[in-house]
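A.B. asks: need a structure here:
(chains A, B, C and D)
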There are 2 protein chains.
Amino acid sequence: MSDPYAIDSQDRSASIGASPLFLREDEIRRGAELLYFGYTRLTKSIDEGLAEQGLGRAHHRALYFIARKPDLTVGELLKFLAITKQSLGRVLSELSSRGLIETRTGQVDRRQKLLRLTSNGAALEGELFDALRKGLSRAYTKAGQDSVSGFWRVLEGLIPEEDLPMIAALRDLKG
Amino acid sequence: MSDPYAIDSQDRSASIGASPLFLREDEIRRGAELLYFGYTRLTKSIDEGLAEQGLGRAHHRALYFIARKPDLTVGELLKFLAITKQSLGRVLSELSSRGLIETRTGQVDRRQKLLRLTSNGAALEGELFDALRKGLSRAYTKAGQDSVSGFWRVLEGLIPEEDLPMIAALRDLKG
DNA sequence: GCATATGGGTCAGACATGTTGACGTATATA
DNA sequence: TATATACGTCAACATGTCTGACCCATATGC
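C.D. replies: Numbers count the residues shown, from 1 in each chain, chains lettered A, B, ... in the order given. Take a look at the predicted model:
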């Protein structure tokens, strides 16, 4: 019934024809707020699963990308996370000492370290991924496939052009 | 040209008919990644503006909601931010000592403190808001109005039902 | 009017995550 | 051989969050 966020097409049309680079403040604030609340609510369930293990969000991000792209190098992971290697170092050594990840020396470039999840690491990542699946599946299902496409398209537009190839690389050679 | 994230309708159709509560892993990971990168990239420009003032993201969130709903009480703000009052207390006292916000005693309930931006505070919030406007306007314009509606709809679905009224309250009585 | 609940503030101590800066070591590459 | 790169590490620090324990002022129910 009265969905507080139902899209009011009359409202929308007010901005059509206006300068597309200076949209109505309401549309901007609505997007900013939904993004903030949507993101925080989605990560909340993951945080709870992590807290059980005494791990934090930083650990999850590392686990996620290593799961996503096995044999990722430390340098590649640094680009995804956009943090300093000192920060990442702490996270990786914690994950390693807990037996969640393992490293091998690169074949082509022996300076590189290739990161992989252990079976325990994969199990934990899988559990945490279930929280993402639950949240996003619910949202996708409620919104419908057309909305999902729009969701992706807008989010892509938020990412600077120069970063898109990096993200696209996650989808190629996937394991 | 070859947009790495172009929506492949063939790919999409693969999930139609499958259990909607157990969507293909790829769709979930794509959403999670775009949400992560989109959110971090959007906030990056704001963080830079804040760093110039020696403020952090926590300060911006407070400024944002006070701008959005003048005469917000401390308790309401706590609900939006979902942090402890000790954490919020530090943020608010910093903003207050810099002359960015001011408080008044509630009329109906004298225990409450009503929060407002000063003119300096409003100026700063406006500057920071410009970064949001730039990022979101660009994304909205590139994606088109239909995509924006889908973007909103999916994000709404990520938010638990019980939190939606709180968010809707931001849009009523706005100022 | 009194007991209790609520809105708000505060002190102390802790933890997670990030930062800069400076080095060190092993391996690639021109 | 000289230089650049990939990775690691020590130290010091900033920020934002938390828990726990209190306190005061004001509303509210009986």
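A.B. asks: Select the longest helix from chain A.
C.D. replies: helix A:25-53 (DSSP state H).
A.B. asks: what's near enough to touch residue A:115?
C.D. replies: With contact taken as CB atoms under 8 Å, 6 or more residues apart in numbering or on different chains, residue A:115 is in contact with A:66, A:70, A:71, A:72, A:73, A:74, A:77, A:92, A:101, A:102, A:103. All C-beta atoms are positioned from the backbone trio N, CA, C, and that covers glycine.
A.B. asks: what sits against the third one?
C.D. replies: Translated: residue A:71. So residue A:71 contacts A:104, A:114, A:115, A:116 (CB under 8 Å, 6+ apart).
A.B. asks: Kindly report the same for the first one.
C.D. replies: With contact taken as CB under 8 Å, 6+ apart, residue A:66 is in contact with A:72, A:77, A:101, A:115, A:116, A:117, A:121, A:125.
A.B. asks: Need the nearest residue in space to it, chain neighbours excluded.
C.D. replies: residue A:115 (4.9 Å; CB to CB, 6 or more residues apart in numbering or on different chains).
A.B. asks: Show the average pLDDT along the helix or strand where the one you found lies.
C.D. replies: According to DSSP states H and E, residue A:115 maps onto strand A:113-117. In this model, strand A:113-117 has a mean pLDDT of 98.
A.B. asks: Can you pull the phi/psi pair for residue A:159?
C.D. replies: Note on residue A:159: its backbone torsions stand at phi -100, psi 130 [degrees, to the nearest 10].
A.B. asks: Touching, it and residue B:40? I think so.
C.D. replies: No. The criterion here is CB atoms under 8 Å, and residue A:159 misses it with residue B:40 at 9.1 Å.
A.B. asks: so what's residue A:59 up against?
C.D. replies: Contacts of residue A:59 (CB under 8 Å, 6+ apart): A:50, A:91, A:94, A:95.
A.B. asks: Present the residues you listed as TSV; the columns should include distance to residue B:54, secondary structure and neighbour count.
C.D. replies: As requested, these are exported to TSV (distance: CB to CB, whole Å; DSSP: H, G, I helix; E, B strand; the rest coil; neighbours: other CB atoms under 10 Å in any protein chain shown):
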residue	distance to residue B:54	secondary structure	neighbour count
A:50	31	helix	21
A:91	27	helix	21
A:94	31	helix	17
A:95	34	helix	23
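A.B. asks: Those residues: which ones sit near DNA strand C?
C.D. replies: Contacts with DNA strand C within these, as defined by CB under 7 Å from any atom of the strand: residue A:91.
A.B. asks: Residue A:159 and residue B:40: which is more packed in?
C.D. replies: When residue A:159 is set against residue B:40 and neighbours are counted by other CB atoms under 10 Å in any protein chain shown, the residue ahead is residue A:159, at 22 against 16.
A.B. asks: Tell me which stretches of chain A form helices.
C.D. replies: Using DSSP H, helices in chain A cover A:9-13, A:25-53, A:57-68, A:74-81, A:85-97, A:119-143, A:145-158, A:164-169.
A.B. asks: chain center to the longest one: distance?
C.D. replies: Read that as helix A:25-53. Distance of helix A:25-53 from its chain centroid, counting by CA atoms, centre = their mean, to the nearest Å, is 12 Å.
A.B. asks: Also the third one?
C.D. replies: Going by CA atoms, centre = their mean, the spacing between the C-alpha centre of helix A:57-68 and its chain's C-alpha centre is 9 Å.
A.B. asks: Could I get the average pLDDT for that helix?
C.D. replies: Here the average pLDDT along helix A:57-68 is 97.
A.B. asks: quick one: is that helix near DNA strand D?
C.D. replies: No. Applying CB under 7 Å from any atom of the strand, one finds helix A:57-68 out of contact with DNA strand D, separated by at least 11.1 Å.
A.B. asks: in stretch A:166-175, what's buried?
C.D. replies: Residues A:167, A:170 are the ones in stretch A:166-175 that count as buried (16 or more other CB atoms under 10 Å in any protein chain shown).
A.B. asks: Distance from that stretch to the middle of the chain?
C.D. replies: 13 Å.
A.B. asks: tell me the contacts of the residue in chain A that DNA strand D sits nearest to?
C.D. replies: Residue nearest to DNA strand D within chain A: residue A:75 (2.6 Å; CB to the nearest atom of the strand). Counting by CB under 8 Å, 6+ apart, residue A:75 touches residue A:112.
A.B. asks: now residue A:32
C.D. replies: By CB under 8 Å, 6+ apart, the neighbours of residue A:32 are B:42, B:64, B:132, B:136.
A.B. asks: Near the residue nearest to residue A:124 when sequence neighbours are not counted, how many other residues are there?
C.D. replies: Using CB to CB, 6+ apart and skipping the chain neighbours, the partner closest in space to residue A:124 is residue A:100 (6.2 Å). The tally of other residues near residue A:100 (other CB under 10 Å) stands at 24.
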